[in-house]
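S.K.: what shape does this take:
(2 chains)
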Amino acid sequence: MVAAGFRRSSTYRAATLAGIFTNTVFGFILCGVFAAVWAARPDAGGYDATQAITYVWIGQGLLAVVEMFGGGSPDDLAERIRSGAVASDLARPASVLGWYLCLDLGRACFQLLTRAGVPLVIGALVFGLTTPTVTGALLVAVAVPVAVVVSFALRLLPALTAFWLLDTTGPRLLGGVLTIFFSGLTVPLVLLPDGLREVTLLLPWAALLQTPADLWLGRVSGVEAVALLGVAIGWAVVLLGACRLVLAAGERRVVVQGG
Amino acid sequence: MDGLRADVADYRTLAAAWGRAAMSYRASFVMLSLGGLVITALDFVAIAVLLSRATTLGGFGLREIALLYGASGLGIAVADLAVGQVERLGRHIRSGRLDTMLVRPTSLLVQVCTEEFSPRRISRVVQAAVVFGWGCGAVAWTPERVLLAGQMLVSATLLFGALFVGLACLQFWTTDGQQVANAFTYGGNTVTQYPLVIFPREVVLALTFAVPLAFVSWYPSLRLLDRPDPLGLPAALAWCSPVAVVLAVLATVLVWRAGVRRYTSTGS
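M.R.: Residues are numbered from 1 along each chain as shown, chains lettered A, B, ... in the order given. Model (predicted):
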């Protein structure tokens, strides 16, 4: 199923190229803005200027991998719940949750190679980015798949409201709003005022961008880094569990309606 | 001129019809409008957070940036409300809907822009207007500056409108490239929210002479805020937005006509 998700994403070639172009343009714009901020405050948020620029490119790279603006397999499932086609998903001898998670992981693998890889290389060539230490790289290698799982669950929960609502645009939009801000995409969470910052770093959305970025940039290391990763993994487990409960509740509803 | 008047009347009728349709799903409408308002509000909060660390960006304080942000935001929000639906051109081509539209006795552009018109996009206009209103406090108002501010907002709207339509025309040639258009429209919006002095000189020149987005907010605002041009360009550029508008609209009309001429039905 992972391979199927990968192949499916890879057929949209023009869209991938266009996406890379857009991510790169926004990367350059944000670099201009961040450079000005860090020129005024060279240690803002505990990053130096190079780390801040690197953060921009990590953000533009992960944006498609964790589908910040929504999309991926949860949207397909929402549509199938609405149309009733979900009945055939439920009849398969495989768990619905696992099936759609694998599809989304495959999609993420493809986006990682293209939508994340290309902008990061361009950013590195133009600006010279901070490279992670070996330990940092290993932690990132764990943090990115965890980010995809957390994002999958965060996209699936609003999509599953399709069992109860006719139109899921509202809940999905709300999910998107929370994701774009609290992942640290619009502004790194480390720049938020004291108090708010500590709270947002512990929320599940931080696992999508702020946590992988901090591990890459080495803002945290040692026990603290492992703890940060632990929080992200904890959220992945809790949210997948929540998805399972909601899905089970929804399944019963499908049976009541007769599919 | 009569043709244009008829187009405006058609636009109103169609937009009103689609608007009523959108309003009939009231809960959905309210949720989407509020969602749109929160998204755009957080957008400005992010800039405020950046400024809380840096205090000024390129010598501009938060209130002055609010003026730039508001002008650019109002421009793109009103343009998006009016013609943003043109983004779906590719979908109409694929589904064959465009053929139906072509045989109707109404302007194709009017039909494409009003298709599924939704008044919920007005929430972005509201947010940008609030930020702009607050940013206006940074200006020492004179009659000349009031006029200039009016010209800036109208030009910003027309420039973004031309950009939306012109870039959507790309879909006559390739139906998958919509994201490229976003780089220019939303990217252009993001760039013009900030004082352009923070970007490299080449970028500012490109935004002046190639894709004239610097006229959306930057040149008029320099004059509104009584600041000299950091690149030493003439102050008269503040009043040149209408020139940029005329050129952009002309280019868009040409591309649109070429696209419609090139269009051959998918046959479905």
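S.K.: contacts and neighbour counts: CA atoms only from here.
M.R.: Will do.
S.K.: so which residues of the stretch 101-250 of chain B form helices?
M.R.: With DSSP state H, counting those that start in this stretch, the ranges of helices along the stretch 101-250 of chain B come out as B:108-114, B:122-135, B:143-168, B:178-192, B:201-209, B:218-224, B:241-262.
S.K.: show me what counts as buried in the third one.
M.R.: Yep, that's helix B:143-168 we're talking about. B:145, B:148-149, B:151-168 (16 or more other Cα atoms under 10 Å in any protein chain shown).
S.K.: returning to what we had before: would you list the helices of the stretch 101-250 of chain B in a markdown table and tack on mean pLDDT and distance to residue A:49?
M.R.: Listed next are those as a markdown table, based on pLDDT from 0 to 100; distance: least, Cα to Cα, whole Å:
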| stretch | mean pLDDT | distance to residue A:49 |
| --- | --- | --- |
| helix B:108-114 | 88 | 43 |
| helix B:122-135 | 92 | 29 |
| helix B:143-168 | 94 | 33 |
| helix B:178-192 | 89 | 20 |
| helix B:201-209 | 92 | 20 |
| helix B:218-224 | 94 | 26 |
| helix B:241-262 | 93 | 35 |
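S.K.: closest to chain A out of those?
M.R.: helix B:178-192 (4.7 Å; Cα to the nearest Cα).
S.K.: who touches that closest one?
M.R.: Here helix B:178-192 makes contact (Cα atoms under 8 Å, 6 or more residues apart in numbering or on different chains) with A:15, A:18-19, A:21-23, A:25-26, A:29, B:68-69, B:72-73, B:76, B:87, B:160, B:163-164, B:167-168, B:170-171, B:213-214, B:216-218.
S.K.: got the CA positions of it in CSV?
M.R.: Only the C-alpha atoms of helix B:178-192 are listed here, as CSV (Å, rounded to 0.1, in the frame of the first residue of the first chain):
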residue,chain,number,x,y,z
GLN,B,178,-2.2,26.1,-11.1
GLN,B,179,0.4,26.1,-8.4
VAL,B,180,2.7,28.2,-10.5
ALA,B,181,0.1,30.9,-10.5
ASN,B,182,-0.1,30.8,-6.7
ALA,B,183,3.6,31.7,-6.6
PHE,B,184,2.9,35.0,-8.3
THR,B,185,-0.5,35.9,-6.8
TYR,B,186,-0.1,34.7,-3.2
GLY,B,187,3.7,35.1,-3.4
GLY,B,188,3.2,38.6,-4.7
ASN,B,189,0.8,39.3,-1.9
THR,B,190,3.4,38.1,0.7
VAL,B,191,6.2,40.1,-0.8
THR,B,192,4.2,43.4,-1.0
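S.K.: that helix: how far from the chain's middle?
M.R.: Offset of helix B:178-192 from its chain centre (Cα atoms, centre = their mean, to the nearest Å): 10 Å.
S.K.: correct me, but residue B:78 touches residue B:157?
M.R.: Yes - here residue B:78 reaches residue B:157: they are 6.2 Å apart, a contact under Cα atoms under 8 Å.
S.K.: in what helix or strand does the most centrally placed residue in chain B lie?
M.R.: The C-alpha lying nearest the average C-alpha coordinate of chain B belongs to residue B:76 (Cα atoms, centre = their mean; 2.5 Å). Following DSSP states H and E, the helix or strand that holds residue B:76 is helix B:62-83.
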